[in-house]
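Got a predicted structure here, sequence first:
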Amino acid sequence: MDTLFAANSLAEFLQALLTLVGIPISAETAYLIAVVTHVALVVGWFGLPAGLFIWAERKISARIQDRLGPTRVGGKFGWLQSLADGAKLIQKEDLVPKDADGLMFRMAPYIVVVASLAAYLALPFSDGWTAVALDTGLFLTLAVLSLEVLGVILAGYSSGSKWALFGAIRESAQMVSYEIPMALCALCPIVTAGTLNLNEVALLQSGGIWNWNILHPFNFFAFFVYFTCATASCKRAPFDLAEAESELVAGFLTEYSGFRWSLFFLAEYASMFLVSGLATVLFLGGWDDGLGILAAIKTASPTGVGSFLANAIGLLFFLVKASVLVCVQIWVRWTLPRLRIDQVMTTCLKYLIPISCFLFAGTVVYPLVLATMSGKTSIIGQPAGERLVQPKKAAGVSSAGAKNESHLRITATGTEGSSR
Amino acid sequence: MTAEIILFWLFAFLTCAGAILVAVSQNVVRMAFSLVLTLGSTAVLFLLLGADFVGATQLLVYVGGTLVLLVFGVMLTATGPFTRIKSSPADAILSGLIGVVFLFIVASTVTAVPWVDSEDGNDISQKIKIGTHTKSAEGGFNPAQQGNTTRPLGLSFLSLRADRDLKLGLPSELSAESNTAPVVPGASVVMPGVTPPPKSSVPPSTGYLLPFEIVSVHLLVVLVGAAYLARTKRRATT
Amino acid sequence: MEPTPDKFLFISAVLFVCGVVCMTTKRNGIGILMGVELVLNAANLNFITFSRFTPLGLDGQVFSLFVIVLAAAEAAVALAIALNFYNNHLTIDVDRGDELHG
């Protein structure tokens, strides 16, 4: 069980630092502190986006509409507006309609919240800073994200209201359909990297912006398709049919109030951050700074304080990149009109699925074609294989275990070998 | 270890409770969501058994796909809100009795089996313990020792038995065997024409390429068939 | 307290029996489908248990993957049939599908 939580790098750092200062600390204590820190990180980045991005959304939407937005609570910029909103929502009465199926009505928000929290399990925040470093990372994340739709259906069905039922059916049809192109596009960088482990995918892109997957011609388009589908699967505008207030009151949220309503919002903003983080890891280099500085630091000192600080700075890069993507989602929401439901389905079934199939096939064939023509598997940057078969700890694979490195090497040479 | 035992008992309980609720409940929607509980907990049991890819597939395909389909079916065929079609009490009692007897038979069979390996006489449950993760040497990765079945499974769908012939699933043996050459047994076999003889005397086991292809064609046929069946026009008789 | 194979097999037996009871007692067509899913899941749990505790190895996991995929296919077809049944009978009660009953 102990390495199920990949807290080793932090534990090692704590031990090294405290021994340096003069307070010796046992491995178990360091490990415990590291685990607690990681739990705090995951839960924090589940809860924080809701507060932060609701405030950001209010400010951004206000600026887009030539307003000021919240200005009073907590000083000049209304920093504490979300906190005040939260306090207000918790105080509200928790209503259950007479026609509703009480138990399931109460249960639905928790399913949604648990699904979007559990999806954070495999998301790496920085090199090795992930709750569970699973070999099936992306697969599990997509699987858990797809559970959210069950909570939505449950909420709509058990509300005993036609608006809620319409909203839930629209919503679930949309989420189920958009999962397919989303998964296909998320698989494009996976094919490029040759591993489902999100940490390894991000490590493969470290060392400079030229190594990022977004500069791969097919992954470049896959990124935009992925982002569109991710926006749709988070029920964000222009795909927020479920909550189309002009037609459906508030969709599946119609009958919810107070705390349970705010749980849905918590989950929505958390999954917005999650899909953005996933996009960052898959396409935008994860925690890489784009210039190779962090990777160089980690090559210089593979373990201990230097590597830890590089990881901590990498965490900042990751958070900034993901937050920018969330802001793009907010920006899109307030500048694009809502689609009709048939337009939403047409976009997915007639355009996005064929496009993503083409992109997936292209990503598979591209290195083979390139290798037969030019003998290299990429135009820009180092081919993935060369990034890996270099001597140990050259490409920032420092903190990866030796066994994983051998795994990586298998993949790399595997693709290289079969491409010639 | 203790955490895994707690997880096991928790999810074992949830699995059984959900299954019993499915059998007992009369409300179809509640049945569907008890089924979600059961299948989700079973996925966790799969993860505890070290089958992480199967567990994730269970979540993605079963819970996220099949069950959503079922719930859609419930919604489309419901005549009123929260439909109940009750079975007669006599049926319920009879089937419940038969079920209990049946469970007793199966359970007594299971417990009657001595879980001992026929070859060396050791207790199987002691031989491979759940949760034998070892602390990885450096860095934050899981050791590939257990649970990381994605790659071997993928190779087995390409007719390569990684766990049997190539010993890819067992990194400890792997590093002991081939220190000098980079670990590329998988890659060297993939290349056409170059097939190194298997190290063991056992003939190489076959993989699952053909079943995999058959299943994919089967899925396509099912997709077309289901679409055809479902698109017939509504004609209300009676 | 240790999770041993017989405990997993017992869970799978519970799943199987519940599935069979569900299939025999429910009159709702979709309820019967759910029973089938439970039975298939019991089989899956057995496969995975044996792949863990016996030299069966990966074979068990591969088989359970096939079972999952085929169960999805089965559910799709069965649901299409159930919807057709509903279109023809305006109910999902399978006891009503008895026109061929002399």
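Cool, the structure landed.

Excluding covalently adjacent residues, which one is nearest to B:Thr22?
Just so we're on the same page, residue B:22 is Val rather than Thr. B:Ser34 (4.7 Å; CB to CB, 6 or more residues apart in numbering or on different chains). Placement of C-beta: from N, CA and C, glycine included.

What's the per-residue pLDDT of the one you found here?
As predicted, B:Ser34 sits at a pLDDT of 89.

Just to check, it is in contact with B:Gln26?
No: B:Ser34 is not in contact with B:Gln26 according to CB atoms under 8 Å; the separation is 11.8 Å.

higher neighbour count, these two?
Each of B:Ser34 and B:Gln26 has its neighbours counted (other CB atoms under 10 Å in any protein chain shown); B:Ser34 has more, 23 against 17.

Quick one: name whatever helix or strand follows the helix or strand encompassing the more buried one.
Assessed by DSSP states H and E, B:Ser34 sits inside helix B:28-48. Per DSSP H and E, the first helix or strand lying C-terminal to helix B:28-48 is helix B:52-57.

Which residues does the next helix or strand after that following helix contact?
Later in the chain than helix B:52-57, the nearest helix or strand by DSSP H and E is helix B:67-77. Residues from elsewhere that reach helix B:67-77 (CB atoms under 8 Å, 6 or more residues apart in numbering or on different chains): A:149-150, A:153, A:157, A:165, A:169, A:172, A:176, B:28-29, B:32, B:35-36, B:39, C:29-30, C:33-34, C:37, C:75-76, C:79, C:82-83, C:86, C:92.

Go again with 6 Å.
Residues outside helix B:67-77 that contact it (CB atoms under 6 Å, 6 or more residues apart in numbering or on different chains): A:149, A:153, A:176, B:28-29, B:32, B:36, C:30, C:75, C:79, C:82, C:86, C:92.

what do you get for stretch A:330-341?
Against stretch A:330-341 from outside (CB under 6 Å, 6+ apart): A:57, A:60-61, A:64, A:170, A:236-238, A:241.

and the residues you listed, which are buried?
For the contacts of stretch A:330-341, a neighbour count by 16 or more other CB atoms under 10 Å in any protein chain shown gives the buried set as A:57, A:60-61, A:170, A:236-238, A:241.

Which pair of those spans the longest distance?
Maximum pairwise distance in the buried ones among the contacts of stretch A:330-341, criterion CB to CB, is 26.1 Å, between A:Ile60 and A:Arg170.

domain parsing for chain B?
Listed domain ranges for chain B are B:1-85, B:149-190+B:206-225 (source: automatic domain parsing).

Can you lay out these as a markdown table showing distance to A:Trp261?
Formatted as a markdown table, the domains of chain B follow (distance: least, CB to CB, whole Å):
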| stretch | distance to A:Trp261 |
| --- | --- |
| domain B:1-85 | 21 |
| domain B:149-190+B:206-225 | 38 |
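
So which bits of the helix ranked longest in chain C are buried?
Counting by DSSP state H, the longest helix found in chain C is helix C:58-89. Within helix C:58-89, the residues that qualify as buried are C:58-69, C:71-80, C:82-83, C:85-89, counting by 16+ other CB under 10 Å.

Likewise for stretch B:214-231?
Result for stretch B:214-231 [16+ other CB under 10 Å]: buried residues B:215, B:222, B:226, B:229-230.

likewise stretch A:67-76?
So, applying 16+ other CB under 10 Å, buried residues of stretch A:67-76: A:69-70.

got the contact list for it?
A:58-59, A:62, A:78, A:80-81, A:84.

Swap in 10 Å and give it another go.
A:54-63, A:77-85 (CB atoms under 10 Å, 6 or more residues apart in numbering or on different chains).

Span of it from start to end?
15 Å (CA to CA, to the nearest Å).

Can you tell me which of the buried ones among the contacts of stretch A:330-341 is nearest C:Phe47?
Distances from C:Phe47 to the buried ones among the contacts of stretch A:330-341, taken by CB to CB, are shortest for A:Arg170, at 37.7 Å.

Can you check what angle separates the helix or strand where the closest one lies from helix B:67-77?
Element membership for A:Arg170 (DSSP H and E) is helix A:162-193. Angle, helix A:162-193 to helix B:67-77, by axes from the mean of the first three to the mean of the last three CA atoms, to 10 degrees: 150 degrees.

coming back round to it: check the buried ones among the contacts of stretch A:330-341 one by one and keep those near chain C.
When contact is defined as CB under 10 Å from any CB of the partner chain, the buried ones among the contacts of stretch A:330-341 do not meet chain C at all.

And those residues, which is closest to A:Cys185?
A:Arg236 (16.9 Å).

So that closest one: helix, strand or coil?
coil (DSSP: H, G, I helix; E, B strand; the rest coil).

contacting residues for it?
A:230, A:243, A:268-269, A:271-272, A:275, A:326, A:329-330, A:332-333 are the contacts of A:Arg236 under CB under 10 Å, 6+ apart.

what do you get if the cut-off is 7 Å, keeping everything else the same?
With contacts defined as CB atoms under 7 Å, 6 or more residues apart in numbering or on different chains, the neighbours of A:Arg236 are A:272, A:329, A:333.

Do I have it right that the residue nearest to B:Val22 meets B:Ala23?
No: B:Ser34 is not in contact with B:Ala23 according to CB atoms under 7 Å; the separation is 9.0 Å.

so does whatever helix or strand B:Ser95 lives in get close to chain C?
Using DSSP H and E, B:Ser95 maps to helix B:89-112. Yes: using CB under 7 Å from any CB of the partner chain, helix B:89-112 reaches chain C at B:91-92, B:95-96, B:99, B:102-103, B:106-107, B:110-111.

Deepest in the core, which of the domains of chain B is it.
Of the domains of chain B, the one with the most neighbours on average (mean count of other CB atoms under 10 Å in any protein chain shown) is domain B:1-85, at a mean of 21.

what does the helix holding B:Ser34 contact?
A:104, A:150, A:154, A:157, B:4, B:7-8, B:11, B:14-15, B:18-19, B:21-22, B:25, B:54-55, B:58-59, B:62-63, B:67, B:70-71, B:74, B:82-83, B:130, C:28, C:30-31, C:34, C:37-38, C:41, C:45, C:48.

would you put the C-alpha positions of that helix in PDB?
In PDB, the C-alpha atoms belonging to helix B:28-48 read as follows (Å, rounded to 0.1, in the frame of the first residue of the first chain):
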ATOM      1  CA  VAL B  28     -36.500   0.200 -11.700                       C
ATOM      2  CA  VAL B  29     -34.600   3.400 -11.300                       C
ATOM      3  CA  ARG B  30     -33.500   2.400  -7.800                       C
ATOM      4  CA  MET B  31     -32.500  -1.000  -9.200                       C
ATOM      5  CA  ALA B  32     -30.300   0.800 -11.800                       C
ATOM      6  CA  PHE B  33     -28.500   2.800  -9.200                       C
ATOM      7  CA  SER B  34     -28.000  -0.200  -6.900                       C
ATOM      8  CA  LEU B  35     -26.400  -1.800 -10.000                       C
ATOM      9  CA  VAL B  36     -24.200   1.200 -10.300                       C
ATOM     10  CA  LEU B  37     -23.100   0.700  -6.700                       C
ATOM     11  CA  THR B  38     -22.400  -3.000  -7.300                       C
ATOM     12  CA  LEU B  39     -20.500  -2.600 -10.500                       C
ATOM     13  CA  GLY B  40     -18.500   0.400  -9.200                       C
ATOM     14  CA  SER B  41     -17.500  -1.500  -6.100                       C
ATOM     15  CA  THR B  42     -16.600  -4.600  -8.200                       C
ATOM     16  CA  ALA B  43     -14.300  -2.300 -10.200                       C
ATOM     17  CA  VAL B  44     -12.600  -1.400  -6.900                       C
ATOM     18  CA  LEU B  45     -12.300  -5.100  -6.100                       C
ATOM     19  CA  PHE B  46     -10.600  -5.600  -9.500                       C
ATOM     20  CA  LEU B  47      -8.200  -2.800  -8.600                       C
ATOM     21  CA  LEU B  48      -7.500  -4.500  -5.300                       C
END
